[in-house]
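S.K.: Got a sequence here, can you model it:
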Amino acid sequence: MVVDLLLIALAITLDPLPIMAFVLVVASVRGARKGLAFILGWVTCFVAVITLVLLLTGGQPPEPRSPPSTFNLVAKLLVGVSLVAYGIHRRRRPGHERSRGGPVTSEPRPPAPAPAPGHDPDPDPAAPPRPARSSPLTSRMDRGSAGAAAGLAVLLQPWGLVAAGATTVVSADTSHATTWPVLLAFCLLASSTLLAAELYVVFRPAQARSRLLRLRTWMQNHAERAIVAGSIVIGLWLTGRSIYGLA
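M.R.: Now for the predicted structure:
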């Protein structure tokens, strides 16, 4: 159970979509407060799922080869196969090659026209970036409340991976003292990237906003590859473990 939970938590914390959304949250007005609300909503989902599973199992894993144990293994197998299928589906999407830096078959762009009198020419790409105007999404984040940030965290949960974690927590035995540190480690590891960004914003607010936004731009160009790899790797792991348990 321990290895499975930690691998799932690692896949959750490296999921680029929640991280990119979180960067916009902490980069907005009163971003540190909204970021804390986002993290609270994020962790609350894990706690709620773990609590529900432990209530259903009574804190005791099902007996091997029993109907509940077999049902849980089948559920884990379905989650694993679904993650693999999802990763393959995303990999075959038309925009995947472009997102991972592959060849683009579009025609070259025509040269840009000369700037009109009184207008500045295009900035040098190597020059430091100028302060950009707020995008509609950033402006919406500025107007959003802490409660909206918490709700966004719930919506952006990678629920497929959370379901994988739930099928793994079924094997938890709460009579063992080591079970609780493992569950705590799962919640902390699955939230570690968000916690790191939040602490960065709190202690280095002047530097954090621009650097996190640059990180978000970089992640936009690599998000598709990370989602595909994470889904397929975790899916294959869960599928193999389930088949081994059913054999």
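S.K.: how distant is stretch 151-161 from the center of its chain?
M.R.: Centroid separation for stretch 151-161 versus its chain: 8 Å, with Cα atoms, centre = their mean, to the nearest Å.
S.K.: got the contact list for it?
M.R.: 8, 11-12, 15, 17-18, 21, 25, 37-42, 44-45, 79, 82-83, 86, 231, 234 (Cβ atoms under 8 Å, 6 or more residues apart in numbering). Glycine gets a C-beta too; all of them are placed from N, C-alpha and C.
S.K.: what mean pLDDT does the helix or strand hosting His222 have?
M.R.: Element membership for His222, per DSSP states H and E: helix 205-246. Helix 205-246 comes out with an average pLDDT of 86.
S.K.: From the chain's centroid, how far away is that helix?
M.R.: Computed by Cα atoms, centre = their mean, the chain-centroid distance of helix 205-246 equals 6 Å.
S.K.: Same check on stretch 180-195?
M.R.: For stretch 180-195, the distance to the chain centre is 13 Å (Cα atoms, centre = their mean).
S.K.: Equivalent analysis for stretch 173-186, please.
M.R.: For stretch 173-186 - counting by Cα atoms, centre = their mean - the centre lies 23 Å from the chain centre.
S.K.: How about stretch 47-64?
M.R.: Distance of stretch 47-64 from its chain centroid, counting by Cα atoms, centre = their mean, is 24 Å.
S.K.: hey, which helix or strand in the protein has the poorest pLDDT?
M.R.: Ranked by mean pLDDT, DSSP states H and E, the helix or strand of the chain with the weakest confidence is helix 96-99, at a mean of 50.
S.K.: Just the endpoints, please. Distance across stretch 166-179?
M.R.: End-to-end distance of stretch 166-179: 14 Å, with Cα to Cα, to the nearest Å as the criterion.
S.K.: Which positions within that stretch qualify as buried?
M.R.: Across stretch 166-179, burial judged by 16 or more other Cβ atoms under 10 Å covers 166-172, 179.
S.K.: List of residues touching it?
M.R.: Residues outside stretch 166-179 that contact it (Cβ under 8 Å, 6+ apart): 1, 4-5, 8, 49-50, 52-54, 57, 59-62, 72, 75-76, 79, 180, 182-183, 238.
S.K.: redo that, cut-off 7 Å
M.R.: 1, 4-5, 8, 49-50, 53-54, 57, 59-62, 72, 75-76, 79, 183 (Cβ atoms under 7 Å, 6 or more residues apart in numbering).
S.K.: returning to what we had before: could you tell me which of the contacts of stretch 151-161 are located in helices?
M.R.: Judged by DSSP state H, helices contain the following of those: 8, 11-12, 17-18, 21, 25, 37-42, 44-45, 79, 82-83, 86, 231, 234.
S.K.: Span of stretch 9-21 from start to end?
M.R.: Counting by Cα to Cα, you get 18 Å between the two ends of stretch 9-21.
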